[in-house]
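**Student:** okay, sequence plus prediction incoming.
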Amino acid sequence: MVLRILAPLALAALLAASAVHARGYTPQERCGPHERVLIDTVPAGHCVALIADDAQGLEAPRRILEVAPNRFWVIDMGANWVPKRGRLLELTLAPGAARASVRTLADKLDRPLDLALGPDGQVWVGEADRLWRTPVLPAGQPVQRQVMLEGLPNVGAHPLKEIAFGPGNSLYVNMGSVTDACRNDAQQQPVPCPELGGARPRGAVYRARLDPQDGWKVKDFAPFATGLRNSVALVALPSGTVLQAENSIDYRDAGVPPEELNQLQAGRHYGWPYCVGRGVAARGYEKRYDCKQSTGPLQLWPAHAAPLHLLRGTDGSAYAKQLLTAWHGPRGHRVMQVPLGASGLPTGEPRAVLDGWTAKAGVRPLGRPTGMAIDSAGQLWVVEDFNRTVLLVRKAAP
């Protein structure tokens with residue numbers, strides 16, 4: 001009897017160990033002082049370096065932010081979707097080192113997603129139920145958490161909090177929908193969708209004002225735009241334009257519905273759960289809602305691309321005047337860029353920065369980009385959750 005119990009456990013452990021190994025890249029020569037990973041499409045004259053992975057303790061990295069030269073903070077969700085398993089990590093890359101060193105700054109975070117530098121000069125972290133900030137202290141000192149907004153809804157299918165800072169000390173926060181398509185326990189889809197009602201609707205992006213005269217407290221926190229299933233890709237541009245990449249309803253079909261790039265405006269409704277794409281009734285809502293009441297997208301992106309991050313390219317870098325996006329889904333596994341026109345809005349179709357990232361035995365796993373950063377040297381950093389890596393796109397040796 002004991003053997004019958006232990007054998008499946010041992011088998012599960014063996015399979016888990018194999019799965020961990022299968023996620024890894026097989027280094028291909030060198031990329032500067034680092035191991036090189038082979039991705040078919042990279043910027044001309046560049047290579048992709050493996051900076052950290054599970055050997056440095058990464059479990060599910062979601063975001064990365066440079067806080068000082070060669071010093072980065074990383075949000076690691078830990079066991080995906082398990083509460084209180086997330087961590088804030090510090091990654092330090094010594095000049096000439098092949099791999100970065102990683103240490104934990106904060107642990108037991110509740111499904112953290114985002115970290116961003118606020119107008120107060122501090123780093124803000126978004127957990128499922130709260131936002132907090134901390135100054136960037138000298139290396140080796142602990143963070144000093146100050147909760148800035150708490151009591152946020154942390155249940156349902158989309159509890160993660162993306163944050164974005166805009167002009168005028170504005171703060172935008174994702175409040176993702178409870179369900180995929182507003183189905184209740186009886187699998188009914190009521191109109192109006194109850195998730196969109198009440199004083200604190202879900203499926204929305206909220207806006208707040210930060211008051212620098214009162215300790216940067218969060219004030220006037222209220223819905224800004226609604227009808228947005230899950231805004232985990234959100235950016236506010238210096239022009240004041242707010243862009244959101246929509247992870248659309250999960251049809252089983254490979255080609256529909258499209259993902260969307262939306263320009264958010266105060267008081268507008270963007271279709272979820274009633275409409276997808278450009279005014280097409282979502283399944284279950286045919287002839288039950290007039291999609292002309294909703295604001296349509298700026299662009300349509302491939303179905304199931306799952307955009308998980310938007311990043312404006314910094315001035316002076318090769319990515320200036322570009323909107324970068326990490327596509328994570330089954331038709332994603334790419335980092336793309338869209339030019340930003342003189343109006344500050346995206347123009348033209350997305351173009352590949354990193355592509356040809358399909359699984360290849362003995363070379364690489366399927367790409368799973370979740371977040372990006374551009375450092376002070378203009379280099380692009382990418383993190384992957386499922387593959388548990390930090391990657392650097394850097395110039396190749398001549």
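**Tutor:** Nice, thanks for sending it over.

**Student:** mind pulling the model confidence for the closest residue to residue 119 other than its chain neighbours?
**Tutor:** Spatial nearest neighbour of residue 119, chain neighbours left out: residue 169 (5.4 Å); criterion: Cβ to Cβ, 6 or more residues apart in numbering. Backbone N, C-alpha and C define where each C-beta goes, glycine included. Turning to residue 169, the model gives it a pLDDT of 98.

**Student:** and for residue 254, the neighbour number?
**Tutor:** 10 (other Cβ atoms under 10 Å).

**Student:** wait, it touches residue 303, no?
**Tutor:** Yes: counting by Cβ atoms under 8 Å, residue 303 is a contact partner of residue 254 at 6.8 Å.

**Student:** please identify every residue contacting each of these two.
**Tutor:** Shared contacts of residue 254 and residue 303 (Cβ atoms under 8 Å, 6 or more residues apart in numbering): residue 331.

**Student:** thinking again about what came up before, what's the burial count for the residue nearest to residue 119?
**Tutor:** 16.

**Student:** got a list of what it touches?
**Tutor:** So residue 169 contacts 119, 209-212, 216 (Cβ under 8 Å, 6+ apart).

**Student:** could I get the residues you listed in TSV, plus columns for distance to residue 52, pLDDT and secondary structure?
**Tutor:** Below are the contacts of residue 169 laid out as TSV (distance: Cβ to Cβ, whole Å; pLDDT from 0 to 100; DSSP: H, G, I helix; E, B strand; the rest coil):
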residue	distance to residue 52	pLDDT	secondary structure
119	30	98	coil
209	37	98	strand
210	33	98	strand
211	38	98	strand
212	36	98	helix
216	32	98	coil
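
**Student:** what's the spatially closest residue to residue 267 that is not a sequence neighbour in contact with, if anything?
**Tutor:** Leaving aside its sequence neighbours, residue 267 sits nearest to residue 225 (Cβ to Cβ, 6+ apart; 7.4 Å). Listed by Cβ under 8 Å, 6+ apart, the contact partners of residue 225 are 204-205, 242, 244, 264-270.

**Student:** for PyMOL, what selects the buried ones among those residues?
**Tutor:** Per 16 or more other Cβ atoms under 10 Å, the buried members of the contacts of residue 225 correspond to this PyMOL selection:
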select buried, resi 204+205+242+244+264+268+269+270
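
**Student:** now, the contacts of residue 225 that are in helices?
**Tutor:** Within these, no residue falls in helices by DSSP state H.

**Student:** in strands, which of the contacts of residue 225 appear?
**Tutor:** Of the positions in the contacts of residue 225, 204-205, 242, 244, 264 sit in strands, assigned by DSSP state E.

**Student:** mind picking the two most distant members of those?
**Tutor:** The distance between the two most remote of the ones in strands among the contacts of residue 225 (Cβ to Cβ) is 12.7 Å, for 204 and 242.

**Student:** mind listing residues that contact stretch 232-242?
**Tutor:** Under Cβ under 8 Å, 6+ apart, the answer for stretch 232-242 is 113, 158, 160, 162-168, 170, 172, 174, 176, 205, 224-225, 243-245, 247, 263-265, 307-312, 323, 325-326, 340, 343-345.

**Student:** can you give me the buried ones in it?
**Tutor:** 232-237, 241-242.

**Student:** and if you look at stretch 141-156?
**Tutor:** Along stretch 141-156, these residues count as buried under the neighbour rule (16+ other Cβ under 10 Å): 143, 148-149, 152.

**Student:** got it, and stretch 356-368?
**Tutor:** 357, 364-365, 367-368.

**Student:** ends of that stretch, what's the gap?
**Tutor:** Using Cα to Cα, to the nearest Å, one end of stretch 356-368 lies 12 Å from the other.

**Student:** chain center to it, what's the gap?
**Tutor:** 20 Å (Cα atoms, centre = their mean, to the nearest Å).

**Student:** contact partners of it?
**Tutor:** Residues from elsewhere that reach stretch 356-368, judged by Cβ under 8 Å, 6+ apart: 22-26, 28, 37-41, 328, 332-334, 354, 384-387.

**Student:** switch to 10 Å and redo it
**Tutor:** By Cβ atoms under 10 Å, 6 or more residues apart in numbering, the residues outside stretch 356-368 that reach it are 22-28, 37-42, 48, 60, 306, 308, 326-330, 332-335, 354-355, 369, 382-389, 391.

**Student:** buried ones among those residues?
**Tutor:** Here, 16+ other Cβ under 10 Å leaves 23-25, 27, 37-39, 42, 48, 60, 306, 308, 326-329, 332-335, 354-355, 369, 382-385, 387-389, 391 buried among the contacts of stretch 356-368.

**Student:** which ones among those lie within strands?
**Tutor:** 37, 48, 308, 326-327, 334-335, 354, 369, 382-384, 389, 391.

**Student:** please report phi then psi for residue 293.
**Tutor:** Here is the backbone geometry of residue 293 (degrees, to the nearest 10): phi -70, psi -20.

**Student:** brain fart, residue 55
**Tutor:** phi -60, psi -30.

**Student:** closest to residue 196 among the ones in strands among the buried ones among the contacts of stretch 356-368?
**Tutor:** Within these, proximity to residue 196 (Cβ to Cβ) peaks at residue 308, which comes in at 23.3 Å.

**Student:** ok, that closest one to residue 120 distance?
**Tutor:** As judged by Cβ to Cβ, to the nearest Å, residue 308 and residue 120 stand 26 Å apart.

**Student:** please apply the same query to residue 301.
**Tutor:** Applying Cβ to Cβ, the value for residue 301 to residue 120 is 34 Å.

**Student:** what's the answer for residue 280, then?
**Tutor:** For residue 280, the distance to residue 120 - Cβ to Cβ - is 42 Å.

**Student:** with residue 204 instead?
**Tutor:** From residue 204 to residue 120 the distance is 25 Å (Cβ to Cβ).

**Student:** repeat that for residue 200.
**Tutor:** Taking Cβ to Cβ, one finds residue 200 at 25 Å from residue 120.

**Student:** cool, and residue 375?
**Tutor:** Distance from residue 375 to residue 120, by Cβ to Cβ: 21 Å.

**Student:** of those two, who's got more company?
**Tutor:** Legend: neighbour count by other Cβ under 10 Å for residue 375 and residue 120, higher for residue 375 (20 against 16).
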